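*Asks:* below are the sequence and a predicted model for it; my questions follow.
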Amino acid sequence: MNRFIRSVLILSLIGTLFVVGYTYLMLNWSYAEGERAGYVQKFSKRGWLCKTWEGELAMVSMPGTMSEKFFFSVRDEGVVNKINANMGRKVALQYEQHVGLPTACFGETEYFVKDLLVLE
């Protein structure tokens, strides 16, 4: 019985180390990087257990056309303050795309905004 408990504990430890390592890798390796420009029309902190900052950027290519929406998440409080200070102004969001995150506690989308530039 003691050998069985030891085997279960070792397998549990290996599984936990794998999940932690995978999550760390997915958070620090970006699949893509880019920039999107438009108007932040929705930005809020939401979630049942894990509160994350989620936003919506309206991208308009030409006046009078339907806007495309870009959904994003923000983890950095400095960027949160920049977005809140520039609501309603045309901005460019610099983001990284992180695919394969195991939970929505890091953000509801796979696009994480890293910085904001105000466009004149």
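*Replies:* Perfect, thanks for sending it.

*Asks:* which secondary structure element contains residue 8?
*Replies:* helix 2-28 (DSSP states H and E).

*Asks:* from residue 67, how far out is residue 106?
*Replies:* Distance of residue 106 to residue 67, given as C-beta to C-beta, to the nearest Å: 27 Å. From N, CA and C alone the C-beta is placed, and that goes for glycine too.

*Asks:* between those two, who's got more neighbours?
*Replies:* residue 106 (18 against 13; other C-beta atoms under 10 Å).

*Asks:* what does that one show for phi and psi?
*Replies:* Main-chain dihedrals, residue 106, degrees, to the nearest 10: phi -90, psi -20.

*Asks:* who's in contact with it?
*Replies:* Going by C-beta atoms under 8 Å, 6 or more residues apart in numbering, residue 106 touches 27, 50, 52, 73, 75, 98.

*Asks:* next one: residue 42
*Replies:* Residues near residue 42 by C-beta under 8 Å, 6+ apart: 55, 56.

*Asks:* immediately after the one helix or strand it maps to, which helix or strand?
*Replies:* Taking DSSP H and E as the definition, residue 42 sits inside strand 32-46. Moving toward the C-terminus from strand 32-46, the next helix or strand (DSSP H and E) is strand 52-59.

*Asks:* parallel or antiparallel, which strands does that following strand pair with?
*Replies:* strand 32-46 (antiparallel), strand 68-74 (antiparallel) (DSSP bridges).

*Asks:* quick check: the closest residue to residue 99 other than its chain neighbours vs residue 95, distance?
*Replies:* Leaving aside its sequence neighbours, residue 99 sits nearest to residue 31 (C-beta to C-beta, 6 or more residues apart in numbering; 4.7 Å). Counting by C-beta to C-beta, the gap from residue 31 to residue 95 is 11 Å.
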